[in-house]
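>>> next come a sequence and a model predicted from it.
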Amino acid sequence: YHPRNMVLIASGDLDPGRTMEAARDASEGWRAVRREPGEPVREDEPDRVAQKSVTTTMDVSRPKVALGFKDDPLRDSGRELLRRQIHTNMALDLMLGPAASTFSKLYEKGIIDDTFGFSYSGEPDFGFTVVGCDTAKPEAFRKAMLATFERFREEGFSNEDVNRARRKALGHYLRALNSTENAALALMWSHFKGVLLSDYMSEVQRVTRHDLLKRVEEHLVPERCAVSI
């Protein structure tokens, strides 16, 4: 937590000059930090998962199950990391989102309910996807998720799917900027990742079905999966 690692983002109906003046006034009394910021610690992370399966007994009404998929470290920020995040999130939404056939089928079978969710986190040094829910059928859930990813590895995505995913991603992004808080968060994320706000939209428009298939083939595979129940 070093001042040189800090950035101030201001968003809203603000006067830029007065905002900068307020920031200078607030920081005048800060003690000078002469020490250089520390170097980030980087470990060589193995490809394999630490444990394939973990089961913990707790006082819950229904089992909670989560599948984690380990990603390769990218060792890079900027556009390449942005592309990886876009491709992974779009692929996950097409396979598991509310409009996907997988969702309705598993919902009707009682394997998933409205607690079902998925997310991807990607940084230069690590990345992972988590898919989970509360379910009385944890083993059926695990098999269904792996079978879904296997089916898409074999069948791929259609151009129609990708066009729909593009429109959805752009719509969500632009609508989020209606919020001053979300606009500030987007600016901050872009700054630390070394990209521009407009880079997201241009990268979304470039996505192909081969990009999405590649992410499923290299990331959402059984060898990189661990299950926690």
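In hand now; what should we look at?
>>> in this structure, which strand has the most residues?
strand 126-134 (DSSP state E).
>>> mind exporting the C-alpha coordinates of stretch 83-98 to PDB?
Below are the C-alpha coordinates for stretch 83-98, written out as PDB (Å, rounded to 0.1, in the frame of the first residue of the first chain):
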ATOM      1  CA  ARG A  83      -9.300 -10.400 -24.500                       C
ATOM      2  CA  ARG A  84      -9.000 -13.500 -22.200                       C
ATOM      3  CA  GLN A  85     -11.600 -12.100 -19.800                       C
ATOM      4  CA  ILE A  86     -14.000 -11.200 -22.600                       C
ATOM      5  CA  HIS A  87     -13.700 -14.600 -24.400                       C
ATOM      6  CA  THR A  88     -14.100 -16.600 -21.200                       C
ATOM      7  CA  ASN A  89     -17.100 -14.600 -19.900                       C
ATOM      8  CA  MET A  90     -18.900 -14.800 -23.300                       C
ATOM      9  CA  ALA A  91     -18.300 -18.500 -23.600                       C
ATOM     10  CA  LEU A  92     -19.600 -19.100 -20.100                       C
ATOM     11  CA  ASP A  93     -22.700 -17.100 -20.700                       C
ATOM     12  CA  LEU A  94     -23.500 -18.900 -24.000                       C
ATOM     13  CA  MET A  95     -23.100 -22.300 -22.300                       C
ATOM     14  CA  LEU A  96     -24.600 -21.700 -18.900                       C
ATOM     15  CA  GLY A  97     -26.500 -18.300 -19.000                       C
ATOM     16  CA  PRO A  98     -30.200 -18.000 -18.400                       C
END
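>>> tell me where this protein has helices.
For the chain, applying DSSP state H gives helices covering 16-27, 78-96, 101-108, 138-155, 159-176, 180-193, 197-206, 209-219.
>>> now the shortest one: average pLDDT?
Confidence for helix 101-108, expressed as mean pLDDT, is 93.
>>> what residues does it touch?
95, 96, 97, 112, 113, 116, 141, 144, 148 (CB atoms under 8 Å, 6 or more residues apart in numbering). All C-beta atoms are positioned from the backbone trio N, CA, C, and that covers glycine.
>>> and the third one, how many residues sit next to it?
I take that to be residue 97. For residue 97, the neighbour count with other CB atoms under 10 Å is 15.
>>> how close does the residue of the chain most remote from its centre sit to residue 198?
In the chain, the residue that sits farthest from the middle, by CA atoms, centre = their mean, is residue 29; the gap is 38.3 Å. As judged by CB to CB, to the nearest Å, residue 29 and residue 198 stand 37 Å apart.
>>> for residue 108, same thing?
Counting by CB to CB - residue 108 and residue 198 are separated by 41 Å.
>>> shaky segments in the chain?
The chain contains no residues with pLDDT under 70.
>>> can we see that at 90?
Low-confidence segments of the chain (pLDDT under 90): 1-6, 26-48, 60-61, 72-78, 99, 123-126, 193, 197.
>>> can you tell me the centre-most residue of it?
residue 120 (2.9 Å).
>>> who does that residue bridge with?
Per DSSP bridges, the residues bridged to residue 120 are residue 129.
>>> wait, isn't it in contact with residue 96?
No: Residue 120 is beyond contact range of residue 96, at 11.4 Å (criterion: CB atoms under 8 Å).
>>> and residue 51, how many residues sit next to it?
Counted with other CB under 10 Å, residue 51 comes out at 9.
>>> distance of the nearest residue to it once chain neighbours are set aside from residue 132?
The shortest distance from residue 51 to any non-neighbouring residue, by CB to CB, 6 or more residues apart in numbering, is to residue 226 (6.0 Å). Counting by CB to CB, the separation of residue 226 from residue 132 is 12 Å.
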